[in-house]
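**Student:** Compute the structure for the input listed below.
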Amino acid sequence: QVQLVESGGGLVQAGNSLRLSCVASRLTFSRANMGWFRQAAGKEREFVASISWNSGIRRYADFVKGRFTISRDNAKNTVYLQMNSLKPEDTATYYCAADVTVVTPTVAATDYEYWGQGTQVTVSS
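**Tutor:** Got it, this is the predicted structure:
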């Protein structure tokens, strides 16, 4: 079955950076739109960023614009989330997701068929 494995999370101080990675297997990665979502303790899962299969379309949540960048390397079946200027409110579990049915990448979690297990990001003040 499809597997998505995130890595790169950790504990950082506010203002610092992290780069998350998500490696996909058993998936036609080059044809999948990919997304990053996050869920903080006691809150609902929320959209962070998404990228189309050919990197031509990228979408971001308003709260990460200018700070986070989503990218992908289809040769490595990997999608990245570069997170700069991290804030304590960015603390959450970050999930990678794949969508193989919608033409353009969306912001709705319900559009994504496959999910990783998540990686924890903790930002201290």
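**Student:** Tell me how far Arg59 lies from Asp111.
**Tutor:** For Arg59, the distance to Asp111 (Cβ to Cβ, to the nearest Å) stands at 12 Å. To be clear about C-beta, it is placed using only N, CA and C from the backbone, and glycine gets the same treatment.
**Student:** Give me the more crowded residue out of the two.
**Tutor:** Higher neighbour count among Arg59 and Asp111: Arg59, with 18 against 15, using other Cβ atoms under 10 Å.
**Student:** quick one: what helix or strand has that one in it?
**Tutor:** Using DSSP states H and E, Arg59 sits in strand 58-60.
**Student:** after that strand comes which helix or strand?
**Tutor:** Next helix or strand after strand 58-60 toward the C-terminus (DSSP H and E): strand 68-73.
**Student:** Let me know the pLDDT of the residue nearest the centre of the chain.
**Tutor:** Centroid-nearest residue in the chain: Trp36, 2.2 Å away (criterion: Cα atoms, centre = their mean). Listed pLDDT for Trp36 reads 98.
**Student:** For it, name its beta-bridge partners.
**Tutor:** Per DSSP bridges, the residues bridged to Trp36 are Ala49, Cys96.
**Student:** so it sits right up against Arg58, yeah?
**Tutor:** No - using Cβ atoms under 8 Å, Trp36 makes no contact with Arg58, being 11.0 Å away.
**Student:** Overlap in contacts, those two.
**Tutor:** Shared contacts of Trp36 and Arg58, defined by Cβ atoms under 8 Å, 6 or more residues apart in numbering, comprise Ala49, Ser50, Ile70.
**Student:** Can you get me a residue count around the last one?
**Tutor:** By that I understand Ile70. The tally of other residues near Ile70 (other Cβ under 10 Å) stands at 22.
**Student:** Neighbours of the closest residue in space to it that isn't next to it in sequence, how many?
**Tutor:** Leaving out its chain neighbours, the residue that sits closest to Ile70 by Cβ to Cβ, 6 or more residues apart in numbering is Ala49, at 4.0 Å. Residues near Ala49, counting by other Cβ under 10 Å, number 25.
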